[in-house]
Structures are given as structure tokens and as C-alpha cells.
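>>> model the following, please.
(chains A and B)
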Amino acid sequence: MSVWYNLLSLLPFEWSEHQFMKQALLAVILIAPLFGLIGTMVVNNKMAFFSDSLGHSALTGIALGVIVGLRDPLLSMLAFGLLMALALSFLKRTSNVSTDTLIAVLSSTAMALGIVILSRGGGFAKYSSYLIGDILSITTEGIVALALVFGLVLVYWYFMFNNLLLVSINPTMARSRGVSVTLTESLFMILVAVLVTISIQWVGILIINALLILPAATARNLARNMRSYHLMSVTVSLVAGIAGLLISYYWETAAGATIVLCNTVLFLISWLISLSNFSFLNS
Amino acid sequence: MRCFIIENLSVRIAGTRILENVNLHIHNGELTALIGPNGAGKTTLFKALIGDIPYEGKFAYVVPGQKNVKPKIGYVPQKLEFDHGSPVSVMDLFAASMTKRPVWLGYGNKVKSKTQSFLEAVKAEHLVFKRLGDLSGGELQRVLLALALQPIPDLLLLDEPFSAVDQRDSEGFYSLVQSLVKRYDFAAIIVSHDLELAAKYSQRMIYLNQTVQASGTPAEVFADENFKVKFKTTTGDYSA
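Here you go, the predicted model:
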């Protein structure tokens, strides 16, 4: 870590003198590619609503932590997020009510329950930082946790991506080729749940889904195959993340939302390019 | 002679009976057409055979001189689940099916040339770098057929799309499947909504509606009372 700090201190910018900016930049460099990567298949599997509700239900995870008396509610959030992911993947397989409706019922219940518990006695204000997140307050432990999740995601993405892709194209066809559909899908849902939960403190409940969906949506405008899809999504996410963080420093705005707006700008650019000829991007 | 035996196969989904005591005998080297109204359980039967949904009853592959052979099953789906904007190329689909290397890292030359030759077998080699969403119904069907033939299956299940394919494409597809069945001596079942084409290219026909209503050669099925009651008024006389 100290190498990182010394390196940044050499930069001739005002922001690079602050410890919190160095931490935040490191966090963005970890979070952004992760979100860009996972987002590709969240969008492909039409799971945008699923990841959104995972974010919302984190409120109940926080509330449970408060009831139990945890100083840092990360553990209770993680446990509750995993429970939600497993419940959703179970319901998806066994029930014939449409999954969207199920997710809506579960997530609105979890969100309301969280707000009811946390607002008891009028104390919700101190939890409002979870809504918009605060990447500038990230701790070294937070960065280590993110790095661990990054490792997990890479392992899954290396060994199980092909199966996940086949399942997303047609589950029955995947099954006929010997792919375990349930295992592949459930593990992916757990992975999304872990990523959302770990990063929610820094990114914010209201913003997290935008960071997951926008880079992949941008890449879809231009990509013609999985390789360029991944390359573009990760690059877009990283560029928007770093640009958004620096802009938020000078404008004194919330970092997460500024990053989202940078993503929006890149989305618009990609959309305009897609209207014209773009074959040069896919050589 | 190798064959598939299905005995008393039943499927219930959430308490509703979809299939009831289906009994069938399917021979290698024969193309069997599966017909029946919407909701008759045709796709459900395929899913049960693939092992995608649980079923009661027996499904066995009989190979003379061998016991408990697990058949390789190829499946050509009716439609793909994702939207047409998805950046999945034909090459992505083949590489993801055939290799361990994750396709987001690109593909090796070996897989590329293999895929090319598989696609040539169904006259689709020019589609290799196209996105799945950019293919026409007929092109997509041929690409998915090429994939289902890798490796050569013992039983090929084809779920025919309703609309996306035009008549000329359809006829070409049936004759292609028929020639593959003969060449590789596997069994094939094709869900068909076009009785004329089904009768022209298949050796056997099954009329399914929750259970087997009629089966035999196409002429036998068309002559069956169960079939006549359901189809004759709307589709003309097929008993000739």
C-alpha cells in the first residue's frame, strides 16, 4: 500500500496529496472493473431488477446488525444478502409466478422492514450515508475485502463463464450439453449478492445498480462478441470511475453519483457511435 | 438395432399434469415427427428427455450387447432466451460449448477452424463472426443444428420455430436433417407445425396431446380417428 501512496504523492495534483483520495482512487480501481465485468452477464441474463433489489434489501441486513449489536453491519448484510440470493434462485426454479413479481415482493418487504427497524425512535438520519454511499471514507479493511471479492469473481469468470453464457442463451440446451444449470446460476447470484453487499457502504444503495448496468449497456451498443463486450465494459467502467472521482473532488459533489453521470455521458457517446459505422472497434 | 424406449412417462408441473403415461419407441436412423396442438406437452417431453425437468416413468437407450448406455442428446431449441441486442457471436457460442478456455479471453485457432468446418456441414460457414441476434430464423436454426451435432448425438431433438423460418428454408432444413439421420444413424424427433413437410420427410409420426393419441407412419396417423377429430376440419384431408 505504501508504494501506492508514495507513487501518487509524486503526481503534481492537489487531490493526490490527500490520504482519503489515494484510498478512494484505489477503491475505484478495484470496484470499477469488477462492476464492469459482472455487469456484462447481469445485463445478458436480464437480472438488472434482481441486483437492484439486492441493494435495497441491504437495509434489512443493516437493521439486523443493529439489533444484534454489531459495530460494523457488514456481516449481517452479507448473511442477509446471501439469504435473499438463495431464496430468489430457489423461488425462480419452483414457482410459476413470474420472477419479476416475486423479486418485487421480496425486495420491497426487505426494504420496508429495514426502514421500519432503523427509523425506530427517529434515528434513520445516521444511516442515510448508506443511501448515497461514501467512497472517500473507505478503510484499508474495506479495500482488502474488495480485493478478495475481485479474486473470487476472477476465479468464477475463468472457470464457469462459458457455462454461464450457455445457460443465458438457452438453459435446456445448456442442460443437454451437461451443464449444471442450477449450480451455475445460483453461484452467479451469490457472487452478485456478495459484490453488491461488500460495496454498498462505499457506493450507496441508490447508485449501485447504475454502476452495474451502465458500463455493460454502453458496451452492448458497440460490441460484436464476448471479448469486445468485456473489454469495452471494463474500460468504460474504469474511465468513468476515475473521471467521476476526480470531478467530484473539484466540484465537491457526491463521488458515486458523479461517477454515474460520467457513465451516462459515455453511454450517450456509444449510442451515437452505434448509429454510425463502428466496425473499426471490433477488429 | 439401437432404439429408445419411453414407458409410462408422466410429468407434473406445480400439480398440473402436462404429460400422462407417454409410451414411445424411437429407432436410430429414423426421423420422427412430433405433432400436436399448442400446450400439448411437446417441449415438456423434450425437457424431460434431456433431464431438465423431473419425470416419472422409464426412458432407456437400448444398444444390443451393452447395458445402461447413457445416450448423448443433441437439442435444437425453438427460440433463444436473450434479446437480439446481446453481443454473443456464433463463434462465442461454439467456443463456449467446446472448450474450457473462457470465451472472453478469445479463442484458439483450433476451435476456430473446427467451428468453420462444423458450420460448413450445414452451409453456414459465412455466419461465424455474426451476432446471434443478427441471424435470420433459418440461419439461426442451421447454426443451432450444427452445434447440436457436436458431438454427434444418439438422439437429436429439434423444436421447430413457428414463424421465423420461411417455407423454402423449412424444406431445406427437413431434408438436411433427414440426410444427417441417414448418414450418422442417430434417432431424431422434430416438433412440426407443418403436416405436409412432416409427412414428406419423416418415417414415423407421433400425435401428442398430453399422451400419445396416435403413432405410426404419417399415413397411419393421418388415418387415425383421434387425429381426424382434431385436425381434419382445419387442415384438409391428409389421409391420402
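>>> count of residues packed around B:Val229?
Using other Cβ atoms under 10 Å in any protein chain shown, B:Val229 has 10 other residues around it. Every residue, glycine included, has its C-beta placed from N, CA and C.
>>> report the separation between it and chain A.
Noted for B:Val229: a distance of 31 Å to chain A, by Cβ to the nearest Cβ, to the nearest Å.
>>> pretty sure that residue is in a strand, no?
No. Using DSSP: H, G, I helix; E, B strand; the rest coil, the assignment for B:Val229 is helix, not a strand.
>>> ok, it - contacts?
Contact partners of B:Val229, counting by Cβ atoms under 8 Å, 6 or more residues apart in numbering or on different chains, are absent.
>>> give me that answer again for 10 Å
Contacts here follow Cβ atoms under 10 Å, 6 or more residues apart in numbering or on different chains; on that basis B:Val229 touches B:Gln213.
>>> how close does it get to B:Val128?
According to Cβ to Cβ, to the nearest Å, B:Val229 and B:Val128 sit 48 Å apart.
>>> try B:Leu176
Distance from B:Leu176 to B:Val128, by Cβ to Cβ: 18 Å.
>>> what of B:Asp185?
Distance of B:Asp185 to B:Val128, given as Cβ to Cβ: 28 Å.
>>> hey, where'd the strands end up in chain B?
B:3-13, B:16-27, B:31-35, B:56-62, B:73-76, B:155-159, B:187-191, B:204-209, B:211-216 (DSSP state E).
>>> which residues of the chain fall in helices?
I'll assume chain A. In chain A, the segments counted as helices under DSSP state H are A:2-9, A:19-44, A:48-68, A:74-94, A:99-118, A:129-132, A:140-159, A:161-169, A:171-176, A:181-203, A:208-222, A:226-251, A:255-275.
>>> the intended chain is chain B.
B:42-50, B:90-98, B:109-121, B:137-148, B:167-184, B:195-201, B:218-223, B:225-235.
>>> quick check: pLDDT value at the residue nearest the centre of chain B.
Most central in chain B under Cα atoms, centre = their mean is B:Leu158, positioned 1.2 Å from the mean C-alpha point. The per-residue pLDDT reported for B:Leu158 equals 94.
>>> the helices of chain B: lowest mean pLDDT?
Among these, helix B:225-235 has the lowest mean pLDDT, at a mean of 71.
>>> what about residue 21, how many residues nearby?
Just so you know, I chose chain A. Neighbour tally, A:Met21, other Cβ under 10 Å: 20.
>>> please refer instead to chain B.
Neighbours of B:Asn21 under the rule other Cβ under 10 Å: 13.
>>> excluding chain neighbours, what is closest to it?
B:Asn8 (5.0 Å; Cβ to Cβ, 6 or more residues apart in numbering or on different chains).
>>> wait, what's in contact with B:Gln167?
Contacts for B:Gln167 were tallied using Cβ under 10 Å, 6+ apart; they are B:Asp194, B:Leu197.
>>> from B:Gly138, how far off is it?
Taking Cβ to Cβ as the measure, B:Gln167 falls 10 Å from B:Gly138.
>>> how much space separates the residue nearest to the centre of chain B from chain A?
12 Å.
>>> pop out the phi and psi values for A:Arg71.
phi -70, psi -40 (degrees, to the nearest 10).
>>> isn't B:Leu119 up against B:Leu144?
No. Shown here, B:Leu119 and B:Leu144 do not form a contact pair, counting by Cβ atoms under 10 Å, at 11.3 Å.
>>> and for those two, which residues touch both?
With Cβ under 10 Å, 6+ apart, B:Leu119 and B:Leu144 have common neighbours B:Val90.
>>> quick one, which of those two is more surrounded?
Applying other Cβ under 10 Å to B:Leu119 and B:Leu144 shows that B:Leu144 carries more neighbours, namely 28 against 21.
>>> surely the more buried one touches A:Arg177?
No. The pair B:Leu144 and A:Arg177 fails to qualify as a contact (Cβ under 10 Å) at a distance of 11.9 Å.
>>> what residues are shared contacts of the two?
Listed as contacting both B:Leu144 and A:Arg177 by Cβ under 10 Å, 6+ apart are B:Gly74, B:Tyr75.
>>> can you give me the neighbour number for B:Ala14?
9.
>>> quick check: phi and psi on A:Asp134?
Dihedral angles of A:Asp134 (phi, psi; degrees, to the nearest 10) stand at phi -150, psi 90.
>>> residues touching it, list them.
Taking Cβ under 10 Å, 6+ apart, one finds A:Phe20, A:Ala24, A:Gln201, A:Trp202, A:Val203, A:Gly204, A:Ala254, A:Ala255, A:Gly256 in contact with A:Asp134.
>>> equivalent analysis for A:Ser89, please.
A:Phe50, A:Thr99, A:Thr182, A:Glu185, A:Ser186, A:Leu187, A:Phe188, A:Met189, A:Ile190, A:Ala193.
>>> can you flag the buried ones in the residues you listed?
Buried by 16 or more other Cβ atoms under 10 Å in any protein chain shown: A:Phe50, A:Thr99, A:Glu185, A:Ser186, A:Leu187, A:Phe188, A:Met189, A:Ile190, A:Ala193, out of the contacts of A:Ser89.
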